[in-house]
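[1] Below is the sequence, then the predicted model.
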Amino acid sequence: MHELGIMTGVMDAVEQTAAQAGATRVLKVVLSIGEMTEAIEDSLRFAFEVLTEGTISEGAELDINIVKPKSRCLDCGAEYEHDRFHMMCPKCGSYATQLIAGREMQIDSIEVDLPDD
């Protein structure tokens, strides 16, 4: 289950960023995860719940944006979305393609509560 490893890295970054900002609580975490990572959304959510227990992120909302695979044909230059298995260019039939989206694993935003000073 590589989702636990992914989410461990995410939560390390979230907790560190929240601490540096002086946050008292993490309210929301927004991620973009590409389909080509083969990460399972339900497993990511489960790992998030487990890893946030007893932390300032406990109870935070997790928003996951799944990014569809997109490729560019190296022969004709066409850009197109596809599933994980069918990357052939629909315009010219070439298999010479370059994946340009769908392998993302990034934190888009973190929403926190800051103390009133």
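    Sure, I can see it. Numbering: from 1, shown residues only.
[2] counting contacts, what elements does the helix or strand hosting Ile107 pack onto?
    In the assignment (DSSP states H and E), Ile107 maps to strand 105-113. Secondary-structure packing of strand 105-113 (3 or more CB pairs under 8 Å, 6 or more residues apart in numbering; DSSP states H and E): helix 2-21, strand 25-34. No exception for glycine: its C-beta is placed from N, CA and C like everyone else's.
[3] Packing partners of the helix or strand just after the shortest one?
    Remark: after strand 25-34, the chain's next helix or strand is helix 41-52, criterion DSSP H and E. Counting contacts by 3+ CB pairs under 8 Å, 6+ apart, helix 41-52 packs against helix 2-21, strand 25-34, strand 61-67.
[4] mind putting those in a markdown table, distance to Phe48 included?
    Conversion of the helices and strands packed on helix 41-52 to a markdown table gives the following (distance: least, CB to CB, whole Å):
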| stretch | distance to Phe48 |
| --- | --- |
| helix 2-21 | 5 |
| strand 25-34 | 8 |
| strand 61-67 | 5 |
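[5] so which of these is the most packed in?
    Most buried of those, by mean neighbour count (mean count of other CB atoms under 10 Å): strand 25-34, with a mean of 19.
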